[in-house]
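Participant: Sequence plus predicted model, see below.
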2 protein chains.
Amino acid sequence: MFSGAQISLYPMTDDFVEVILGAIRALEPYRPNFRIETDDISTLIVGPPEQLFPAMRDLFLAASGRGVHCVLAATVSRGCPGEPDDPICAPIAGSNHDQPLAARIAAAVRHVQAAPRTAQAVAAQFSLYPLGSGHHMDEIYGCIDFLKASGVFDRSKNFCTKLRGDAGPVFATLSEAFLRFGAPQGHVALDLKISANSPSKA
Amino acid sequence: MFSGAQISLYPMTDDFVEVILGAIRALEPYRPNFRIETDDISTLIVGPPEQLFPAMRDLFLAASGRGVHCVLAATVSRGCPGEPDDPICAPIAGSNHDQPLAARIAAAVRHVQAAPRTAQAVAAQFSLYPLGSGHHMDEIYGCIDFLKASGVFDRSKNFCTKLRGDAGPVFATLSEAFLRFGAPQGHVALDLKISANSPSKA
């Protein structure tokens, strides 16, 4: 399955170039498993679906750790039918789609609870798009049940869902929503913004 | 039809709060026709589908006109079935879906050519998601034909399409892609990033 993301980092500071170049070094441990290409709008990462959100988390923490207000925006995709089936994108491991929905929700919640804490508070907003046929509405409603049980659910907004909490469980929740729901071989896209150190109150 | 967008403005400067607050005044002329709500992540605009991209253009130009590197990110949606059918969101006017695809492509190109120039160069990246049933692949391929004839097509990337040119025709192209293709009453979402004054070469 082809999986990857177009990711952009927006540090709201005059030193944005330095912050971005410093943060991008956090992707080094992932480089052996990923194809990485950068242009003036975004950085493409193509690689195993389970590693996409950990890579984005580490990139974002490297930038937000400086204390500046910064946002990471990403377009994440798996199973896109128009893409070449890249050999570095293995099938989703342990998606457990053979298990009943309730068991998968419980497993996803356990994964989030086990996620390492980072001491970085974040707010995230995302939209999940199951594309084409083969996605049952049961899966979508199951994903919503999971989000509400994740411990980082903030609220539903028009066109998206908002999460809030420590970056560790927030990125873990996004990853579980992306990997464990919808048809396992289906096309799923996720539109994400995640923000740290905002001077605005929620 | 319910239509609107969650929009965020990211000025890469220490003065980001001032730039955002100044730019948001550019939405004043749209306020009588829109519902507008802001939180720490994004500003929701709900209103007529034809006015969404002009409003985003004016907001973005007000920020980019200061010369700082800035990005506007938006999640744009029409026909979302889970939303209340807001009375301020009228059906799409003049979508001409009764006309053959070739005629609609030609009309869309004419609209882009007639768009006022702004003297602001931008690069844009977007993904268009036709959701649910009722969207024919002919419509998607027709939209791609339109983009390639728009005069601002840059290239296809993984998961998205990139445009480049003057902000006037670029925003007009995005609006035409959003309004004129896919089922007229169908659910369409568009994930957009648009950048100005980047120090990076393309």
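Facilitator: Yep, it's here.

Participant: The nearest residue to residue A:12 once chain neighbours are set aside: how many residues sit nearby?
Facilitator: With sequence-adjacent residues excluded and distances taken as Cβ to Cβ, 6 or more residues apart in numbering or on different chains, residue A:12 is closest to residue B:16, at 4.0 Å. Just so you know, the C-beta spots here come from the backbone N, C-alpha and C atoms, and that holds for glycine as well. For residue B:16, the neighbour count with other Cβ atoms under 10 Å in any protein chain shown is 23.

Participant: Distance from the chain centre to stretch A:50-64, please.
Facilitator: On the basis of Cα atoms, centre = their mean, to the nearest Å, stretch A:50-64 sits 9 Å off its chain's mean C-alpha point.

Participant: does chain B sit close to it?
Facilitator: No. With Cβ under 8 Å from any Cβ of the partner chain as the criterion, chain B is not reached by stretch A:50-64; the gap is at least 11.9 Å.

Participant: can you check stretch A:152-170 too?
Facilitator: Yes. Applying Cβ under 8 Å from any Cβ, one finds stretch A:152-170 touching chain B at A:157, A:158, A:159, A:160, A:162.

Participant: Report the buried residues of that stretch.
Facilitator: By neighbour count on 16 or more other Cβ atoms under 10 Å in any protein chain shown, the buried set for stretch A:152-170 is A:152-154, A:157-170.

Participant: Can you flag which of those residues belong to helices?
Facilitator: Using DSSP state H, A:167, A:168, A:169, A:170 are the members of those that sit in helices.

Participant: Of these, which is the nearest to chain B?
Facilitator: Nearest to chain B among those, counting by Cβ to the nearest Cβ, is residue A:170 at 12.6 Å.

Participant: Which residues are in contact with the closest one?
Facilitator: A:122, A:124, A:152, A:163, A:164, A:194 (Cβ atoms under 8 Å, 6 or more residues apart in numbering or on different chains).

Participant: Chain B: which of those is nearest?
Facilitator: Nearest to chain B among the contacts of residue A:170, with distances taken as Cβ to the nearest Cβ, is residue A:124, at 8.0 Å.

Participant: Would you verify that that closest one is located in a strand?
Facilitator: Yes. Under DSSP: H, G, I helix; E, B strand; the rest coil, residue A:124 sits within a strand.

Participant: where in chain A is pLDDT low?
Facilitator: Chain A contains residues with pLDDT under 70 at A:82-97, A:133-135, A:201-202.

Participant: From the contact counts, what lies against the helix ranked longest in it?
Facilitator: Using DSSP H to define each element, chain A has its longest helix at helix A:49-64. Under the contact definition 3 or more Cβ pairs under 8 Å, 6 or more residues apart in numbering or on different chains; DSSP states H and E, helix A:49-64 sits against strand A:3-11, helix A:16-24, strand A:70-78, helix A:167-180, strand A:187-196.

Participant: switch the cut-off to 6 Å
Facilitator: strand A:3-11, helix A:16-24, strand A:70-78, helix A:167-180 (3 or more Cβ pairs under 6 Å, 6 or more residues apart in numbering or on different chains; DSSP states H and E).

Participant: mind putting those in TSV, distance to residue B:147 included?
Facilitator: Shown next, in TSV, are the helices and strands packed on helix A:49-64 (distance: least, Cβ to Cβ, whole Å):
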stretch	distance to residue B:147
strand A:3-11	17
helix A:16-24	29
strand A:70-78	17
helix A:167-180	27
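
Participant: The closest residue to residue A:132 other than its chain neighbours bridge partners, please.
Facilitator: Leaving out its chain neighbours, the residue that sits closest to residue A:132 by Cβ to Cβ, 6+ apart is residue A:187, at 5.2 Å. Taking DSSP bridges as the rule, residue A:187 bridges to residue A:131.

Participant: my guess is residue A:187 meets residue A:78, correct?
Facilitator: No. The pair residue A:187 / residue A:78 is not scored as a contact, 7.3 Å apart, by Cβ atoms under 6 Å.

Participant: What strand or helix carries residue A:141?
Facilitator: Using DSSP states H and E, residue A:141 maps to helix A:137-148.

Participant: Okay, buried residues for that helix please.
Facilitator: Those would be A:139, A:142, A:143, A:144, A:145, A:146, A:147, for helix A:137-148 by 16+ other Cβ under 10 Å.
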